[in-house]
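>>> sharing a model that was predicted from the sequence below.
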Amino acid sequence: MAYRLYYWALRGRGEQIRVLLNELGQDYEDVHVGMKEEFRALRSQGPATLYFGSVPMLEDGEFRLSQGPAIMNYLGAEHRLMPEDPRAAAKTEAMVLGAEDMRMAYFRVFGGERAAEKQAKFLAGDWSNRWLPAWSGLLELNGDTGFLVGDSLTQADVAVWDGLDAILTWIDGADFENFPRVEDFYEKIHSRPRIADYLASDRRIEKKKD
């Protein structure tokens, strides 16, 4: 039975899951939830459908799971991307949550009259001084394998890649200058055959900045 992913017709927190499902070669139905009537109908079903009244939500048969990071870690464990060693597995989970923290910081710089100012402040501040140094340092600590944990792809790599890609796509001036490890990591994940095929396909919800 194919997975069903419920999310808006947006990239947002759902895109990392779509990228991972494509990398895994899994069939899935990308259910684009309408933001009014359809979403209200889902929420009215209570926590049996949406744990906290929010999407994304993944259906795996009768099993339903909410929260983007939890879905990423579930798929990583189910398809044996997550390391068996509990400490290495915990690292992947921590990095998925780190990617979510970065994504939330990125979400906060959009909207309002001061959006351009907030984005410039983000690039000069957290982007350059927190997130890029962190990912670069973690790649170095992992022995420059090109992955964040171990020597093969985990769900953490996809979660972090998607956060980086969103920032590059949507914030003018975002780049990897002075952080070649992060740039090499980004390109390595981007060029994986199944991911590259998905990114080039009509299935991807793509809205590039002007």
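Thanks, I have it. Numbers count the residues shown, from 1 in each chain.
>>> counting by contacts, list what the longest helix along the chain packs against.
Of all the segments assigned as helix in the chain under DSSP state H, the longest by residue count is helix 86-107. The elements that helix 86-107 packs onto, with contact taken as 3 or more C-beta pairs under 8 Å, 6 or more residues apart in numbering; DSSP states H and E, are helix 68-78, helix 155-170. Quick note: C-beta positions are derived from backbone N, CA and C, even for glycine.
>>> how close does residue 62 get to residue 49?
Relative to residue 49, residue 62 is positioned 12 Å away (C-beta to C-beta, to the nearest Å).
>>> residue 86 now?
The span separating residue 86 from residue 49 equals 31 Å under the rule C-beta to C-beta.
>>> just the residues contacting the strand or helix carrying residue 31, thanks.
Per DSSP states H and E, residue 31 falls inside strand 28-32. For strand 28-32, the surrounding residues in contact (C-beta atoms under 8 Å, 6 or more residues apart in numbering) are 2, 3, 4, 5, 6, 7, 8, 9, 18, 21, 203.
>>> how about the contacts made by the first one?
In this structure, residue 2 makes contact with 26, 27, 28, 29, judged by C-beta under 8 Å, 6+ apart.
>>> kindly give a single ChimeraX line that selects the buried subset of those residues.
Of the contacts of residue 2, the buried ones can be selected in ChimeraX as follows, counting by 16 or more other C-beta atoms under 10 Å:
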select :28
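>>> adding distance to residue 57 and pLDDT, write the contacts of residue 2 out as JSON lines.
Listed next are the contacts of residue 2 as JSON lines, based on distance: C-beta to C-beta, whole Å; pLDDT from 0 to 100:
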{"residue": "26", "distance to residue 57": "16", "pLDDT": "97"}
{"residue": "27", "distance to residue 57": "18", "pLDDT": "96"}
{"residue": "28", "distance to residue 57": "13", "pLDDT": "97"}
{"residue": "29", "distance to residue 57": "12", "pLDDT": "96"}
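>>> per the record, what domains does the chain have?
With domains defined by automatic domain parsing, the chain comprises 3-79, 86-192.
>>> just the buried positions in stretch 89-100, please.
Neighbour counts using 16+ other C-beta under 10 Å place 89, 91, 92, 93, 95, 96, 97, 98, 99, 100 of stretch 89-100 among the buried residues.
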